[in-house]
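Undergrad: No sequence on hand, only this structure:
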């Protein structure tokens, strides 16, 4: 039953994501055509700046969630009320603080943009409107956390996803009608407010034993801020430095180019993230307690993820530039090196999921702090150097290198040392064959694609759909010959047991 629920959760989570992703492809094209690539770059820059301002929350959402688990298990509603009242007051203060900081930052936005052509007052207005749409959710965090603790996260997910679909659809309509950037940002704030208000109303109706009233609020969860903040800072800097550097050194047009590639890659990342969550849930149902059994699952998952990485990233690398050229009608400058770098990032994102999953499930947060610091340091230093020589590609290559060193090598070493207690060298050596297969597959693909001339989106779709299917069959057969598909048998058994 739990496995079926996991699959059902995956389906209900992915379908709205696919709808939003497809709408996003049309929205991005319209955004560039109607408002221009500089405005798109500005929008992406705002997103990155807000990520850093949001550090104010210190990761408290996780702290509140953990604090509620114990009283919820004991059905101690009085204690839960005390924690939730404290969290509500805390997040109200955080929401006000973040908007206040955003107001101050708005005076300095122009300094993050090379050769800025926008008026300062306009920059301040649109940034504050953008900030408002992001701040709204902080006043409703306790409701989302409570629903998650009560195993009703699907309620908040459904409200937010419906809101996101409405937001994307309305944005497309507004762009077609020629509405301004200011009007679109106001619409964002309204839709997000409605979505979050709906969450609050439904939460209060479904969980009536919690009234969010208490004379003795419990603020103990705030003691976890120190450890949570360190991880959050490391993660945010390591993952969100690219656009700030590109905007500062190359300008908003380069940010727009980066954003088009990044949207396509992130769309795939988000979908794979949902698949990863479902795999974790299925594995969890088996509940193997011995380390040796867990180690075999890890190796099987590792080989499966390499298969997924190859059959996705190689066709994507061959297809992404021609898609951008056709879809955006040559308005976005493409680059083979930028495409290769983005696909490299996606490749390592996929293959490191096995290590990331096991590190998270075993609680190796303290042991992996050095990995996060290394990621941040290497990424920042190399980005600042390479951006002058290779532009956008230089920033991306820096991220690929930092991810390879910190996530693929260092974090795997930590996992093997503290959990598996085995020789990690054999792991890296065994993976060499997968990297060799990737390179050979790419070289063959490059040779094949030279035989075709792609002139429209229909030809593009047909050619790459056929190529991707054939490529998948061949690579899967190679993995089968290597004995690297044992994970499929295990997952099939888990499905039958969990049914």
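TA: All right, it came through fine. Not measured: the values here are computed from a predicted model.
Undergrad: rest of the way, CA atoms for contacts and neighbours
TA: Will do.
Undergrad: other SSEs contacting the one helix or strand residue 469 maps to?
TA: For residue 469, the element it lies in under DSSP states H and E is helix 457-481. Packing contacts for helix 457-481, counted by 3 or more Cα pairs under 8 Å, 6 or more residues apart in numbering; DSSP states H and E, involve helix 291-327.
Undergrad: In the chain, where is pLDDT below threshold?
TA: By pLDDT under 70, the weakly predicted segments of the chain are 1-13, 51-52, 54-59, 62, 151, 221-240, 274-292, 360-363, 365, 487-499.
Undergrad: any idea which residue sits dead centre in it?
TA: residue 270 (5.7 Å; Cα atoms, centre = their mean).
Undergrad: element containing the nearest residue to residue 46 once chain neighbours are set aside?
TA: Using Cα to Cα, 6 or more residues apart in numbering and skipping the chain neighbours, the partner closest in space to residue 46 is residue 127 (6.6 Å). Taking DSSP H and E as the definition, one finds residue 127 inside helix 120-135.
Undergrad: Quick check: buried residues in that helix?
TA: By 16 or more other Cα atoms under 10 Å, the buried positions in helix 120-135 come out as 123-124, 126-135.
Undergrad: Just want the phi and psi numbers for the residue nearest to the centre of the chain.
TA: phi -60, psi -40 (degrees, to the nearest 10).
Undergrad: do the same with residue 36
TA: phi 100, psi 160.
Undergrad: And the helix or strand that the helix holding residue 127 is followed by, what does it pack against?
TA: Where DSSP H and E defines the elements, the next helix or strand beyond helix 120-135 is helix 141-149. In terms of contacts (3+ Cα pairs under 8 Å, 6+ apart), helix 141-149 is packed against helix 60-73, helix 77-106, helix 153-176, helix 181-206.
Undergrad: ok, back up a step: between the helix holding residue 127 and helix 77-106, how big is the angle?
TA: 170 degrees (axes from the mean of the first three to the mean of the last three Cα atoms, to 10 degrees).
Undergrad: Going by contacts, tell me the helices and strands next to helix 120-135.
TA: Using 3+ Cα pairs under 8 Å, 6+ apart, helix 120-135 sits against helix 37-53, helix 77-106, helix 181-206.
Undergrad: That one vs helix 181-206, what angle?
TA: Using the same axes, to 10 degrees: helix 120-135 against helix 181-206 is 20 degrees.
Undergrad: hmm, who's touching helix 120-135?
TA: Here helix 120-135 makes contact (Cα atoms under 8 Å, 6 or more residues apart in numbering) with 46, 50, 95-96, 98-99, 102-103, 106-107, 109-110, 181-182, 185-186, 188-190, 192-193.
Undergrad: Tell me how many other residues crowd residue 196.
TA: 23 (other Cα atoms under 10 Å).
Undergrad: you'd agree it is up against residue 140?
TA: Yes: between residue 196 and residue 140 there is a contact under Cα atoms under 8 Å: 6.3 Å.
Undergrad: Centre of the chain to the strand or helix carrying residue 389, how far?
TA: According to DSSP H and E, residue 389 maps onto helix 369-390. In terms of Cα atoms, centre = their mean, to the nearest Å, the centre of helix 369-390 is found 20 Å from the chain centre.
Undergrad: what's it packed up against?
TA: Short answer (3+ Cα pairs under 8 Å, 6+ apart): helix 369-390 packs on helix 225-240, helix 242-249, helix 392-403.
Undergrad: Give me the buried positions along it.
TA: 369-380, 382-384, 386-387.
Undergrad: what's in contact with it?
TA: Counting by Cα under 8 Å, 6+ apart, 231, 234-235, 237-238, 241-242, 245-246, 249, 393-399, 401-403, 405-407, 410-411 sit against helix 369-390.
Undergrad: so that helix versus helix 242-249, what angle?
TA: Using the same axes, to 10 degrees, helix 369-390 lies at 30 degrees relative to helix 242-249.
Undergrad: Give me the distance from the helix holding residue 127 to the chain's centre.
TA: Worked out by Cα atoms, centre = their mean, helix 120-135 lies 23 Å from the chain centre.
Undergrad: for stretch 409-425, same thing?
TA: Using Cα atoms, centre = their mean, the offset of stretch 409-425 from its chain centre is 25 Å.
Undergrad: May I see the buried residues of it?
TA: Those would be 409-416, 420, 424, for stretch 409-425 by 16+ other Cα under 10 Å.
Undergrad: now swap in stretch 434-449 and tell me
TA: 434, 437-438, 441-442, 445.
Undergrad: quick one: which of those residues is nearest residue 212?
TA: For those, the residue nearest residue 212 by Cα to Cα is residue 434; the value is 53.4 Å.
Undergrad: for the closest one, what are its contacts?
TA: Counted by Cα under 8 Å, 6+ apart, residue 434 has contacts residue 306.
Undergrad: shouldn't residue 259 be in contact with residue 41?
TA: Yes: using Cα under 8 Å, residue 259 is in contact with residue 41, at 7.3 Å.
Undergrad: So between these two, which is more surrounded?
TA: Per other Cα under 10 Å, whichever of residue 259 and residue 41 has more neighbours is residue 41, with 26 against 21.
Undergrad: if I pick that one, what's in contact with it?
TA: 247, 252-256, 259.
Undergrad: Just put those in JSON lines and tack on distance to residue 213.
TA: As requested, these are exported to JSON lines (distance: Cα to Cα, whole Å):
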{"residue": "247", "distance to residue 213": "46"}
{"residue": "252", "distance to residue 213": "48"}
{"residue": "253", "distance to residue 213": "50"}
{"residue": "254", "distance to residue 213": "50"}
{"residue": "255", "distance to residue 213": "46"}
{"residue": "256", "distance to residue 213": "47"}
{"residue": "259", "distance to residue 213": "44"}
